[in-house]
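In: no sequence for this one, just the structure:
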């Protein structure tokens, strides 16, 4: 069954109960900070640091200089973690369970406080019991080019693992600051994954948040990179579950938070 955004049945209202799940145009107003790559993990997936601003609730334009997502690894990880929790909720906590089928950075909207909201449910489907691993047939392949799970594309069978693959691409965007399709030809997965798999994270890491990341930042970002690699495994059954993705992102965020400099006011009191 395909979820229709305009027809909110009681079942749909139940799965929208998570605070990070929203339908665009309904409920909260959300601002998508769009980059050249079309991304809304916001200002962190632009091309060369040039970002087109969405409108925040206060009317201020989102720019590369004003966005904490473009300037802070901590904020990028907070956005990733919030979006991952929303997808995990769809896969494990919603009633009924849902496969989003179009996870992409442009469907991760940011509100005025930079809190992520997962949207874009026009092609979502309810999970069929007993088809968690082999997938369920859906006929037409839907999604956004650059994010679509190759296995889903070949077989037209969808599973939660397809959302995991798409979110793996979102994580690559957050790490590299590059769009999912480069110059309209090269997939970000193809250009980036070999570097990550060979331990060359520094070669592809976006320099906008920090020209020289600290060792602890690199530790956290390497954990994100290793998580993305597992999400992008060719075979769905080898990918992480979203609960594992959430756990890894939470750990990475803790590493960064625990090693940030203490505010001057607090330090002066010690």
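Out: Ah, there it is. What you see is a predicted model; the values in this text were computed from it and never measured. Numbering: from 1, shown residues only.
In: is it correct that residue 213 is in contact with residue 221?
Out: Yes: between residue 213 and residue 221 there is a contact at 6.7 Å, judged by CB atoms under 8 Å. C-beta here means a position set from N, CA and C on the backbone, and glycine is covered the same way.
In: can you give me the helices for the stretch 101-250 of the chain?
Out: For the stretch 101-250 of the chain, the helices defined by DSSP state H, counting those that start in this stretch occupy 150-155, 160-176, 188-197, 201-204, 215-231, 242-258.
In: before we move on, back to that, overlap in contacts of residue 213 and residue 221?
Out: Common neighbours of residue 213 and residue 221 (criterion: CB atoms under 8 Å, 6 or more residues apart in numbering): 73, 205.
In: so between the two, which is more surrounded?
Out: Neighbour totals were compared for residue 213 and residue 221, and residue 221 leads with 25 against 19 (other CB atoms under 10 Å).
In: check contacts around the more buried one.
Out: 73, 175, 201, 205, 213, 252.
In: confidence score at the residue nearest the centre of the chain?
Out: When CA atoms, centre = their mean is applied to the chain, the residue found nearest the centroid is residue 170 (4.3 Å). Model confidence at residue 170, expressed as pLDDT, equals 97.
In: assess the claim that it and residue 104 are in contact.
Out: Yes: at 6.9 Å, residue 170 counts as touching residue 104 under the criterion of CB under 8 Å.
In: what sits in contact with each of the two?
Out: Counting by CB under 8 Å, 6+ apart, the contacts common to residue 170 and residue 104 are residue 147.
In: count of residues packed around residue 84?
Out: By other CB under 10 Å, neighbour count at residue 84 equals 29.
In: nearest residue to residue 128 other than its sequence neighbours?
Out: Spatial nearest neighbour of residue 128, excluding adjacent residues (CB to CB, 6 or more residues apart in numbering): residue 136 at 4.5 Å.
In: try residue 97
Out: residue 127 (4.0 Å).
In: with residue 104 instead?
Out: residue 144 (4.4 Å).
In: what ranges do the strands span in this protein?
Out: In the chain, the segments counted as strands under DSSP state E are 34-35, 51-52, 98-99, 108-110, 116-118, 125-126, 136-137, 157-158, 181-182, 186-187.
In: which strands or helices does the third one pack on?
Out: If contacts are counted by 3 or more CB pairs under 8 Å, 6 or more residues apart in numbering; DSSP states H and E, strand 98-99 sits against strand 125-126, helix 160-176.
In: partner strands of that strand, parallel or antiparallel?
Out: strand 125-126 (antiparallel) (DSSP bridges).
In: next one: the strand it pairs with to chain centre, how far?
Out: 20 Å (CA atoms, centre = their mean, to the nearest Å).
In: circling back: out of the helices of the stretch 101-250 of the chain, which one sits most buried?
Out: Of the helices of the stretch 101-250 of the chain, the one with the most neighbours on average (mean count of other CB atoms under 10 Å) is helix 160-176, at a mean of 27.
In: now the angle from that one to helix 188-197?
Out: Comparing the axes of helix 160-176 and helix 188-197 via axes from the mean of the first three to the mean of the last three CA atoms, to 10 degrees yields an angle of 70 degrees.
In: okay, angle between helix 160-176 and helix 242-258 too, please.
Out: Using the same axes, to 10 degrees: helix 160-176 against helix 242-258 is 20 degrees.
In: residue 101 - how many residues pack around it?
Out: 24.
In: hmm, I was thinking of residue 207
Out: 11.
In: same thing with residue 129?
Out: The burial count for residue 129: 9, using other CB under 10 Å.
In: which residue, other than its chain neighbours, is closest to residue 238?
Out: Nearest residue to residue 238, sequence neighbours excluded (CB to CB, 6+ apart): residue 230, at 7.6 Å.
In: same check on residue 143?
Out: That would be residue 102: by CB to CB, 6+ apart, it lies 5.0 Å from residue 143.
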